[in-house]
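**Student:** need a structure here:
(one chain, ligands or ions: 1)
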Amino acid sequence: NAAPVTVTVTGAAGQIGYALVFRIAAGDMLGPDVPVRLKLLEVPQAVRSAEGVAMELDDGAFPLLAGVDVTTDARIAFDGANLALLVGARPRGPGMERSDLLEANGAIFGPQGAAINAGAADDVRVLVVGNPANTNALIARAAAPDVPAERFTAMTRLDHNRALTQVAKHAEVPVSQVRRVTIWGNHSATQYPDVFHATVGDRPAPEVLEVPDDGAGWLTETFVPTVAQRGAAVIEVRGGSSVASAANAALEHTRDWVLGTPVGDWTSAGLVSRGEYGVPEGLVCSFPVISDGGPALGPDAARWSVVEGLELSELSRARIDASVAELEAEREAVRALGLV
Ligand code: NAI
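**Tutor:** The predicted structure follows:
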């Protein structure tokens, strides 16, 4: 049997953490042959609750679960981590300014990045879920100079999945027929979900959906706002934020990273820009991405790469630029706070 993969989950007593860790233990992330060791990081106020989660993990008697550790110490949590899922974050409280929010999250993601730098496994791969995800990933990465930048990612997979389903519903096809949608930019209301390179069955999505080049009609009036504001819509209807769908997206992001994206398709993820599509270097921006997969974890195993060479319409270019401008403003704000 393979050696266990060490998976660190922060905010493990929170809602997403609670939904996520059981599926990881069940093998939904790395497949049925890969044992996992879970390390759960929580703040002192919630650590008892995380210990309760660990009790329930024991009670699942998961054959793949090689052990569970609970800690409040980031150094212990990330020691030996192969996969780090950074879910715990500071939500915006009443009366909190944006700079207060960025500063509070800097105090979380800076030290966590440093702990990853100090003690994680050589092949560590990091997914930031906690919001503001892109900028939190930027902060963690800045604190981990010895870890290759490509190992830090931010989650836009939930937005990607939301976009797939909206296209499928509009085209009246099963979601499995829809491929190659893209989320560009920031995981925020400025994100740009793009269908211009998508396919429905074997036909171009714009043809099936009757989307003109300027996006007039369904695309700009319904699709883009529905995807970008889906989180708020779920809160209104469910009476709580997106949790199981977010946990599912974190799992799929990680699974595709390690095992590879399906041939002929791509997904979306926030990656550290190397200047692709004119996005300033170093920003954590969502792009269309593929992973070539790999036989296993390890320094030479799978990596994401940006799907290059897509032609962008004027509409797409303007929407992407607007979201990237927001990412730049967030980077300026955390620079001013000395966080990057
Ligand atoms: P939650 O509030 O239920 O759980 C967060 C947990 O993180 C809490 O248990 C808290 O004690 C813990 N935590 C806070 N600071 C920590 C630290 N320094 N170290 C370890 N743990 C810490 O929130 P929920 O619903 O689980 O969401 C988590 C985050 O995910 C939020 O920031 C939310 O906005 C974000 N999110 C991101 C999505 C995306 O698509 N990128 C989608 C949905 C949610």
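**Student:** center of this protein - which residue?
**Tutor:** Nearest to the mean C-alpha position of the chain, by Cα atoms, centre = their mean, lies M155 at 1.4 Å.
**Student:** which residues does that one contact?
**Tutor:** Residues near M155 by Cβ atoms under 8 Å, 6 or more residues apart in numbering: 127-129, 133, 187, 246, 249-250, 253, 269-270. C-beta: built from backbone N, CA, C; applies to glycine.
**Student:** and the closest residue to the ligand within the stretch 201-340 of the chain, how many neighbours does it have?
**Tutor:** Closest residue of the stretch 201-340 of the chain to the ligand, Cβ to the nearest ligand atom: A246 (3.6 Å). If you count neighbours by other Cβ atoms under 10 Å, A246 ends up with 22.
**Student:** okay if I get the contacts of M155 as a markdown table plus secondary structure and pLDDT?
**Tutor:** As requested, these are exported to a markdown table (DSSP: H, G, I helix; E, B strand; the rest coil; pLDDT from 0 to 100):
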| residue | secondary structure | pLDDT |
| --- | --- | --- |
| L127 | strand | 98 |
| V128 | strand | 98 |
| V129 | coil | 98 |
| A133 | helix | 98 |
| H187 | coil | 97 |
| A246 | helix | 98 |
| A249 | helix | 98 |
| A250 | helix | 98 |
| H253 | helix | 98 |
| A269 | strand | 98 |
| G270 | strand | 98 |
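**Student:** for stretch 190-206, what is the average pLDDT?
**Tutor:** On average, the pLDDT along stretch 190-206 is 98.
**Student:** and what of stretch 281-288?
**Tutor:** The model assigns stretch 281-288 a mean pLDDT of 98.
**Student:** in it, what's buried?
**Tutor:** 282-288 (16 or more other Cβ atoms under 10 Å).
**Student:** any residue of it up close to the ligand?
**Tutor:** No. Counting by Cβ under 6 Å from any ligand atom, the ligand is not contacted by stretch 281-288; separation bottoms out at 10.1 Å.
**Student:** Return the distance of that stretch from the chain's centre.
**Tutor:** Centre-to-centre, stretch 281-288 and its host chain are 12 Å apart (Cα atoms, centre = their mean, to the nearest Å).
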